[in-house]
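*Asks:* Give me a model of this one.
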Amino acid sequence: MNKIDIQNHTSHPVNEAILRKILDLVSSGEMPGREISLSLLLCYDDEISILNKKYRGVEGSTDTLSFLHNVPMSKDEPDLMMADIVISMDRIEAQQGDKTFESELFFVFLHSLLHLCGYDHTRRTDIKIMDIKQNLYQKQIQGILESGRE
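*Replies:* Residues are numbered from 1 along each chain as shown. As a prediction, the model looks like this:
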């Protein structure tokens with residue numbers, strides 16, 4: 001069973017049930033049989049800027065940071081992936097465009113999870129694959145939202 005610890009350092013309300021659904025959706029689609037233990041930090045630009053400088057050597061804020069931790073497991077333990085995701089709620093607000101704040105947050109969370117699964121957007125072929133994956137999961141997430149399932 002996947003685990004998610006959500007720390008919201010902002011005043012923005014968050015639908016944690018949907019975030020859990022997105023985690024389960026991506027986990028079952030990309031890593032069947034693996035469990036994920038995820039720490040999700042929702043913060044403002046000032047906090048993510050510090051982390052961006054510390055871990056990537058890059059000045060300024062970003063919408064999200066994803067960190068995968070390698071944890072050696074014994075044969076008797078389940079295949080566990082441990083990771084951290086940090087999302088700037090200021091960036092979510094700035095880039096939401098005509099989408100709702102919540103839908104942009106869900107998209108950035110999905111994007112971060114795909115990075116943890118090994119997808120990237122540095123080369124043209126990688127961008128196409130990541131776009132296909134994002135579109136596939138966004139349709140499924142939209143279905144969850146429209147049906148009111150949490």
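*Asks:* switch to C-alpha atoms for all contacts and neighbour counts from now on
*Replies:* Will do.
*Asks:* Quick check on the nearest residue to Gln95 once chain neighbours are set aside: phi, psi?
*Replies:* Once flanking residues are discounted, Gln95 sits nearest to Glu104: 7.8 Å by Cα to Cα, 6 or more residues apart in numbering. Phi and psi for Glu104, reported as degrees, to the nearest 10, are phi -70, psi -40.
*Asks:* Please list all residues in contact with Glu104.
*Replies:* Shown in contact with Glu104 (Cα atoms under 8 Å, 6 or more residues apart in numbering): 92, 95-96.
*Asks:* now do Ser88
*Replies:* Counting by Cα under 8 Å, 6+ apart, Ser88 makes contact with 42-45, 48, 61-64.
*Asks:* just to revisit the earlier point, compare the contacts of Glu104 and tell me which is most surrounded.
*Replies:* Ile92 (23 neighbours; other Cα atoms under 10 Å).
*Asks:* Check that residue and give its pLDDT.
*Replies:* For Ile92, the model assigns a pLDDT of 97.
*Asks:* Now do the closest residue to Glu93 other than its chain neighbours against Leu42, distance only.
*Replies:* Excluding the flanking residues, the one nearest Glu93 by Cα to Cα, 6+ apart is Phe101, at 6.1 Å. To Leu42, Phe101 is 13 Å away according to Cα to Cα, to the nearest Å.
*Asks:* Settle it for me: which of the two has more neighbours?
*Replies:* Leu42 (24 against 18).
*Asks:* State the distance from the residue nearest to Glu93 to Val14.
*Replies:* Distance from Phe101 to Val14, by Cα to Cα: 10 Å.
*Asks:* How about Ile48?
*Replies:* Separation of Ile48 from Val14 (Cα to Cα) stands at 18 Å.
*Asks:* Neighbour count: those two, which is higher?
*Replies:* Ranked by neighbour count (other Cα under 10 Å), Ile48 and Val14 place Ile48 first, with 24 against 16.
*Asks:* Secondary structure element holding Gly118?
*Replies:* Secondary structure assignment for Gly118, by DSSP states H and E: no helix or strand.
*Asks:* what's the neighbour count on it?
*Replies:* Using other Cα under 10 Å, Gly118 has 10 other residues around it.
*Asks:* so who does it touch?
*Replies:* By Cα under 8 Å, 6+ apart, the contact list for Gly118 is empty.
*Asks:* okay, it: pLDDT?
*Replies:* Note on Gly118: pLDDT of 89.
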